[in-house]
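Asks: no sequence on hand, only this structure:
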Ligand code: HEC
């Protein structure tokens, strides 16, 4: 066999085996779907703390080490372990059993495979620059990586569905008026028509 072809084939085999070893116990792509529940409280963007601390760059770091997150429980701050496969697996099984008194109000994930997938995703996502990596690899959307941070006010969508009927009535657009205090609450989106058209 041509030595160059032989070299190429063995290199490909090595990459195949190595990548499979890395993901042997979890599929990060499936894990990204599970991560949706975490994104309600966590961002993968550095410094962006939500209800929970940013998870950016936490892989291999000590628990409760995000210095600008000021709402850690003393229970988590006391811990000396670092975040890796073993600790994350235990944490995500039942946070309050692993660290009694934690402020993370999350029941836990019973299914071992689902946890394995999530941890495989977190291994990439919690590495330095991981938020950008998971987006670039197509595992996660930018929104998922960012987490549920409040939208800038200008993008806020109208919430007329939560208005009581009497409030809707007050929002009726007076004939001939295109702008005014009565319209700002419903600015943008087709819901404006629905609200104004109903009265
Ligand atoms: C309801 C909000 C909420 C949800 C949902 C949530 N977390 Fe948390 N998380 C927190 C809070 C609050 C803390 C800080 C806990 C403490 O101080 O005891 C935390 C802490 C953590 C930590 C430790 C961070 C550190 O600095 O050491 C990790 C890791 C973590 N969460 C991962 C996850 C993952 C993965 C999920 C999804 C399965 C998830 N969390 C879901 C709120 C949440």
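Replies: Structure received. Small disclaimer: the values here were computed from a predicted structure and weren't measured.
Asks: next up, the contacts around the residue lying closest to residue 27 once chain neighbours are set aside.
Replies: Spatially, and ignoring its direct neighbours in sequence, residue 27 is nearest to residue 117 (5.0 Å; C-beta to C-beta, 6 or more residues apart in numbering). Where you see a C-beta, it was placed from the backbone N, CA and C, and this is true even at glycine. Shown in contact with residue 117 (C-beta atoms under 8 Å, 6 or more residues apart in numbering): 26, 27, 28, 30, 31, 34.
Asks: what do you get for residue 44?
Replies: Contact analysis of residue 44 by C-beta under 8 Å, 6+ apart lists 54, 55, 56, 125, 126, 130, 131, 134, 140, 145, 146, 147.
Asks: so which of these sit within helices?
Replies: In helices, defined here by DSSP state H, the members of those are 125, 130, 131, 134, 145, 146.
Asks: flag every residue of the protein that's near the ligand.
Replies: For the chain, the residues in contact with the ligand (C-beta under 6 Å from any ligand atom) are 37-38, 40-42, 51-53, 55, 58, 63-66, 72-73, 75-76, 83, 92, 102-106, 122.
Asks: sorry, back to before: top of the contacts of residue 44 by neighbour count?
Replies: residue 125 (31 neighbours; other C-beta atoms under 10 Å).
Asks: surely it meets residue 136?
Replies: No: counting by C-beta atoms under 8 Å, residue 125 stays clear of residue 136, with 11.7 Å between them.
Asks: one step back: in a strand, the residue nearest to residue 27, correct?
Replies: No: checked against DSSP: H, G, I helix; E, B strand; the rest coil, residue 117 lies outside a strand; its state is helix.
Asks: quickly note the distance from it to residue 127.
Replies: Remark: distance between residue 117 and residue 127 (C-beta to C-beta, to the nearest Å) = 17 Å.
Asks: now do the domain split for the chain, please.
Replies: 10-146, 166-199 (automatic domain parsing).
Asks: most tightly packed of the ones you listed?
Replies: Across the domains of the chain, the average number of neighbours (mean count of other C-beta atoms under 10 Å) peaks for domain 10-146, which reaches a mean of 17.
Asks: if we can go back for a sec, need the ones in helices among the contacts of residue 44 in JSON lines (columns: distance to residue 112).
Replies: Below are the ones in helices among the contacts of residue 44 laid out as JSON lines (distance: C-beta to C-beta, whole Å):
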{"residue": "125", "distance to residue 112": "20"}
{"residue": "130", "distance to residue 112": "23"}
{"residue": "131", "distance to residue 112": "26"}
{"residue": "134", "distance to residue 112": "22"}
{"residue": "145", "distance to residue 112": "25"}
{"residue": "146", "distance to residue 112": "29"}
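Asks: and which of those residues is nearest to the ligand?
Replies: Distance ranking of the ones in helices among the contacts of residue 44 against the ligand, using C-beta to the nearest ligand atom, places residue 125 first at 8.9 Å.
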